[in-house]
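Colleague: Quick one, fold the following:
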Amino acid sequence: MLAMWLQGVAGGLGNLSGLALPVLFFVVLYFLMIAPNQRKQKKWQEMLGQLKSGDKVTTNGGIVGTVVSVKDEVVILRVQPDGLKLEFVKNAIATVTTAEEK
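Modeller: Sure, this is the predicted structure:
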């Protein structure tokens, strides 16, 4: 009777150890990939919220310009050499380079 009970306990622990590996995999995946990406996304959203006239920015397409005005979801940039004004969606802004130059 005791031997059967011990086999039952050992079998139950074997099922739990089989479940532990996938759970451990998802925990490691979260801390290595998902959490850093969420932090990066939050930082980028804060950067977009702080855009102001005079900031130098680079778009996702590689265009470098100076912010002329910021509206709800639109940014107007002045690009060189002719001072041409271009209108971009805010999400097209990749980086703000003003702080790096100071």
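
Colleague: How much space separates the residue most central in space within the chain from residue 79?
Modeller: Among the residues of the chain, the one closest to the centroid is residue 41, at 2.7 Å (Cα atoms, centre = their mean). Residue 41 sits 27 Å away from residue 79, going by Cβ to Cβ, to the nearest Å. Just so you know, the C-beta spots here come from the backbone N, C-alpha and C atoms, and that holds for glycine as well.

Colleague: Buried residues, stretch 88-102. List them.
Modeller: Of the residues in stretch 88-102, those buried under the neighbour-count criterion (16 or more other Cβ atoms under 10 Å) are 88, 93, 96.

Colleague: Spit out the contact partners of the second one.
Modeller: By that I understand residue 93. Neighbouring residues of residue 93 by Cβ atoms under 8 Å, 6 or more residues apart in numbering: 47-48, 51, 57-60, 75.

Colleague: Likewise for residue 27?
Modeller: Residue 27 makes contact with no residue, according to Cβ under 8 Å, 6+ apart.

Colleague: Helix, strand, or coil at it?
Modeller: Following DSSP: H, G, I helix; E, B strand; the rest coil, we place residue 27 in the helix state.

Colleague: so who does residue 63 touch?
Modeller: 77, 79, 86.

Colleague: Turn the buried ones among those residues into a named ChimeraX selection, would you?
Modeller: Applying 16+ other Cβ under 10 Å to the contacts of residue 63, the buried members can be selected in ChimeraX as follows:
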select :77
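
Colleague: Where helices are concerned, which of the contacts of residue 63 count?
Modeller: Residues of the contacts of residue 63 located in helices (DSSP state H): none.

Colleague: Which ones among the contacts of residue 63 map onto strands?
Modeller: 77, 79, 86 (DSSP state E).

Colleague: pLDDT weak spots in the chain?
Modeller: 1-16, 99-102 (pLDDT under 70).

Colleague: Name the helix or strand for residue 46, please.
Modeller: Element membership for residue 46 (DSSP states H and E) is helix 35-49.

Colleague: what's that helix packed up against?
Modeller: Applying 3 or more Cβ pairs under 8 Å, 6 or more residues apart in numbering; DSSP states H and E, one finds that helix 35-49 makes contact with strand 93-96.
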